[in-house]
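Q: Sequence first, then the predicted structure, then my questions.
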Amino acid sequence: MMRAEWHDAHGPTVARFDSKPPRVLDVACGIHAHWIVSTAQQPGWEHTRIVGLDLAPSLVPLAMLPETVRSRVAFVEGNLLAGLPFFDGEFDFVRVGCVNSAIPGASPRPFRRSCARS
């Protein structure tokens with residue numbers, strides 16, 4: 001997994017990379033998946049496959065996205081607290097937005113371990 005320096009928590013490029021990661025997971029992407037839709041259309045991200053995971057189904061109509069974006073974006077419904085439904089090492093970069101309110105209790109450690117193995 002790539003580690004990155006954050007410089008903009010909500011913009012299309014949230015981390016500085018030497019080169020863009022080929023496989024990205026956006027955990028708790030939200031029903032509108034703003035980061036995914038915006039980032040997938042930015043210069044330099046044309047070869048990146050982005051998967052969004054959220055508890056709620058995505059409201060993004062893939063058919064309305066440009067074909068070059070539609071073929072590289074996917075959405076998965078799942079509960080991040082039940083563990084991520086992906087194989088170890090499946091992603092090169094895992095983006096985690098604002099999930100503080102989604103993690104009950106005082107310890108997000110199991111969630112962080114699950115993200116690290118992706």
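A: Everything's here; your move. None of the values given here were measured: they were computed from a predicted structure.
Q: how deep is V94 tucked in, by neighbour count?
A: 24 (other Cβ atoms under 10 Å). Every C-beta, even on glycine, is put in place using the N, C-alpha and C of the backbone.
Q: What backbone torsions are found at it?
A: phi -120, psi 120 (degrees, to the nearest 10).
Q: Quick check: the gap between it and R23.
A: Separation of V94 from R23 (Cβ to Cβ, to the nearest Å): 10 Å.
Q: again, but for A40
A: Computed as Cβ to Cβ, the A40 to R23 distance reads 13 Å.
Q: which neighbours do the two share?
A: Shared contacts of A40 and R23 (Cβ atoms under 8 Å, 6 or more residues apart in numbering): T48.
Q: quick one, which of the two is more surrounded?
A: A40 (23 against 16).
Q: tally of neighbours for the spatially closest residue to the more buried one that is not a sequence neighbour?
A: Among residues not flanking A40 along the chain, V69 sits closest, at 4.6 Å (Cβ to Cβ, 6 or more residues apart in numbering). V69: 18 surrounding residues under other Cβ under 10 Å.
Q: And L53, by the same measure?
A: 22.
Q: residues touching it, list them.
A: 25-29, 75-78, 80, 84-85.
Q: So W35, which state does it fall into?
A: helix (DSSP: H, G, I helix; E, B strand; the rest coil).
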